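> Sequence plus the predicted model coming up.
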Amino acid sequence: MADYETHHQHQSIPKETAFQALNTIIQLHFEKTLEKKRSIDLQKKDLQKLFQFFFIFLALIFLSQSQSPRLQCRHCWIPIILLSLGHLIFYVSVAQTLRCINGFKYQRRCHKLTLGLATEKLREMKIRLGSGGGGEFDGVGDDEFEICYQEPPESYFGKFKRNWALHFGFLIFIYGFMVSSSVVLLCF
C-alpha cells in the first residue's frame, strides 16, 4: 500500500490529459454560471409579477375607498386589515423570491470564482509548456490540477443585506403610506 501511494504521488500527467481535465472543469463551471444566470432571470421576472399584482391590489383598495360613499371613519379598520394581510402575504412572497435570487447569485459567484481559477491554471500550464515543456510535466502531480470549489469572502454577503433592506424599506414605506391615506380618506 505504501509503495502504491509513493508511486501514485510522483506520477506525472500527460499534457493531453491535463488539458482535457482543465477544459472539462472550465466548461462545467461556465455552463453552471449560465444556468444560474437563467435561474436568476426567471426569479426576477416572478418578482416583477408579484410587484405588479401587489400594486393592482393596492390600487383596487384605494379606488374602492375613494369611490365608496358608505365607508366612514368607523369603517377604517376594514381597509387597514386588508392592507395588513396583503402586505404580509406580499412580504412572505418577496422574502422567498429574494432568498432564491440571492442563493442563485451566491452559487453563480462561486462558479465564476472556480472558473477563473481553472482558467488561470490552464493559462499557467500553457505558458509552462510554451517555455520548454515536453509531452509530460516533470514533477507535477495530480494535486496541482485539482480545482477546489471557490467561495466568495464574507464581505460578499453585504450585497444581499443591502438588497433585502432596500426591498423591505420600500414595502414598509408603501404600507405606512396606504394606511395613512386610508385614514385620511375615510376620516377627513
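Received the coordinates, thanks.

> thought Thr119 was touching Ile25?
No: between Thr119 and Ile25 no contact is recorded; they are 9.3 Å apart, counting by CB atoms under 8 Å. Quick note: C-beta positions are derived from backbone N, CA and C, even for glycine.

> Compare the two and say which is more crowded by neighbours.
The neighbour count for Thr119 versus Ile25, taken as other CB atoms under 10 Å, is higher for Ile25 (20 against 17).

> Name the nearest residue to the more buried one, sequence neighbours excluded.
By the measure of CB to CB, 6 or more residues apart in numbering, the closest residue to Ile25 outside its immediate chain neighbours is Ala118, 4.5 Å from it.

> Tell me the secondary structure at the one you found.
helix (DSSP: H, G, I helix; E, B strand; the rest coil).

> Now do the contacts for it.
When contacts are counted by CB atoms under 8 Å, 6 or more residues apart in numbering, Ala118 is found next to 22, 25-26, 29, 147.

> same question, Leu171
Residues touching Leu171, when contacts are defined by CB under 8 Å, 6+ apart, comprise 87, 90-91, 94.

> will you turn the residues you listed into a markdown table that also has distance to Lys126, neighbour count and secondary structure?
Shown next, in a markdown table, are these (distance: CB to CB, whole Å; neighbours: other CB atoms under 10 Å; DSSP: H, G, I helix; E, B strand; the rest coil):
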| residue | distance to Lys126 | neighbour count | secondary structure |
| --- | --- | --- | --- |
| His87 | 57 | 19 | helix |
| Phe90 | 53 | 20 | helix |
| Tyr91 | 52 | 16 | helix |
| Val94 | 47 | 19 | helix |
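
> follow-up on the earlier one: any idea which of the contacts of Ala118 has the most stuff around it?
With neighbours defined as other CB under 10 Å, the most crowded of these is His29; it has 23 neighbours.

> Can you give me the distance of that residue to Cys110?
Taking CB to CB, to the nearest Å as the measure, His29 falls 9 Å from Cys110.
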